[in-house]
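>>> turn this into a structure:
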Amino acid sequence: MTIRVGKASLWHVHAWDYIAQAQSHPDTAITAVWDEIPDRGREAAEKLGVPYYETLGGMLDSGLLDAVIVDAPTYRHKEVMVEAARAGKHIFTEKVIATTSADVSEIVEEVERAGVKLTVSLPRLNEGYTLAIQDILKSGRLGRITYVRVRLSHDGALAGWLPEHFYNAEQCGGGALIDLGCHPMYLSALFLGEPVTGVSATFGYVTGREVEDNAQATLSTASGAIASVEAGFVNAHSPFAVEVHGTEGTLLYGTPENKLLLRSKRDSSDSEWTEQSLPENRESAFEQWVRHIQEGTTASENVAAAIELTRLMEAANRSAREGQAISPRELNA
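Numbering: from 1, shown residues only. Next comes the predicted model:
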């Protein structure tokens with residue numbers, strides 16, 4: 001049976017990407033649109049050949065949908081997802097779930113109470129290089145992990161292709177870190193393999209906007225391991241880069257080629273870097289969401305990673321604002 005999907009806003013730059021995924025999936029179809037900006041919503045609905053609704057409640061009560069894709073402004077995520085859950089609609093959402101742990105807790109509680117399926121777009125968790133890195137870490141070939149660095153940056157603020165509302169502090173809840181930096185943040189937390197006990201962040205404002213366009217956050221752990229999370233909107237030709245260092249070895253990915261290189265004292269080839277094979281990507285977060293709806297299962301790992309992501313982002317924003325390290329475990333949740 002086809003899952004009928006309503007589009008809850010086209011605010012985010014990836015909104016049309018998710019529409020394309022819904023259109024290409026054999027078991028889903030876009031059937032309605034709501035947008036907080038009527039002209040944008042009407043234009044999208046006309047292009048898609050589906051009804052446009054002036055209010056979110058009108059779309060949710062229309063009888064035309066079973067689920068929603070949420071690409072509303074970040075600061076409206078709680079409002080939109082709580083209303084969708086209460087209406088019994090499954091939810092696929094752009095990261096972050098919300099800007100605070102307290103809001104995330106309310107959303108997740110409503111989702112669980114309603115029995116609907118929530119999945120968050122954390123796409124790099126499903127990439128082949130991430131899966132390969134996880135396998136290497138599980139094998140122990142790096143020994144005890146001591147340092148992680150993940151960088152993702154572009155020059156969107158200089159080249160002018162990011163929408164202007166991405167620099168609106170109220171709508172976004174931040175700048176480069178909470179948007180692009182989400183990916184290095186959840187990957188860093190994954191590769192550290194232990195709870196983060198402290199977050200220290202530094203923000204730069206190269207283009208003078210009200211949100212940061214250059215950011216770095218340091219994650220610390222009880223064992224002494226450290227991670228550097230780096231993101232920016234003002235860096236040309238900055239490759240996606242992953243480094244994981246341990247007491248027995250190091251692995252590198254994407255500096256700048258999309259190759260995974262390993263050197264380990266536990267390998268016979270300790271004297272040289274060896275390229276590691278990459279598995280195929282895992283099914284996308286959207287495909288996982290559809291499967292959870294169909295099979296009645298829950299995206300437990302995905303949601304747990306997304307909850308932790310919000311906690312770390314909230315701690316980083318507070319650290320940059322207050323000029324001190326923040327313990328994410330002390331935040332309201």
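>>> for burial, what's the neighbour tally of the residue nearest to Gln276 when sequence neighbours are not counted?
Excluding its sequence neighbours, the residue lying closest to Gln276 (Cβ to Cβ, 6 or more residues apart in numbering) is Leu260, at 4.3 Å. Every C-beta, even on glycine, is put in place using the N, C-alpha and C of the backbone. Using other Cβ atoms under 10 Å, Leu260 is surrounded by 20 other residues.
>>> from Ile97, how far off is Leu260?
30 Å (Cβ to Cβ, to the nearest Å).
>>> and for Ser223?
28 Å.
>>> neighbour count winner among those two?
Ile97 (27 against 14).
>>> which element is that one on?
Ile97 belongs to no helix or strand when assigned by DSSP states H and E.
>>> residues in contact with it?
By Cβ atoms under 8 Å, 6 or more residues apart in numbering, Ile97 lies in contact with 77, 81, 103-104, 107-108, 120, 306-307, 309-310.
>>> farthest-apart pair in these, please.
Met81 and Leu309 (15.4 Å; Cβ to Cβ).
>>> between the two, which one's more packed in?
Met81 (28 against 22).
>>> so how far is the helix or strand hosting the more buried one off the chain centroid?
Assigned by DSSP H and E, Met81 belongs to helix 77-86. Distance of helix 77-86 from the chain centroid (Cα atoms, centre = their mean, to the nearest Å) equals 18 Å.
>>> could you do stretch 61-69 as well?
24 Å.
>>> could you dump it to CSV, C-alpha only?
The C-alpha coordinates for stretch 61-69 follow below in CSV (Å, rounded to 0.1, in the frame of the first residue of the first chain):
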residue,chain,number,x,y,z
ASP,A,61,-6.8,16.7,8.8
SER,A,62,-7.3,16.5,5.1
GLY,A,63,-7.4,12.7,4.9
LEU,A,64,-4.8,12.8,2.2
LEU,A,65,-1.7,11.7,4.1
ASP,A,66,-0.3,9.1,6.4
ALA,A,67,3.1,10.8,7.0
VAL,A,68,5.0,14.0,6.7
ILE,A,69,8.4,15.2,5.7
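>>> mean confidence score for the helix or strand where Ala44 lies?
Per DSSP H and E: Ala44 is located in helix 38-48. For helix 38-48, mean pLDDT is 98.
>>> how about it: buried residues?
Buried positions in helix 38-48, judged by neighbour count with 16 or more other Cβ atoms under 10 Å: 40-41, 44-45, 48.
>>> next one: stretch 255-265
260-264.
>>> and if you look at stretch 123-143?
Neighbour count says stretch 123-143 has 124-127, 129-130, 132-133, 136-137, 141-142 buried, by 16+ other Cβ under 10 Å.
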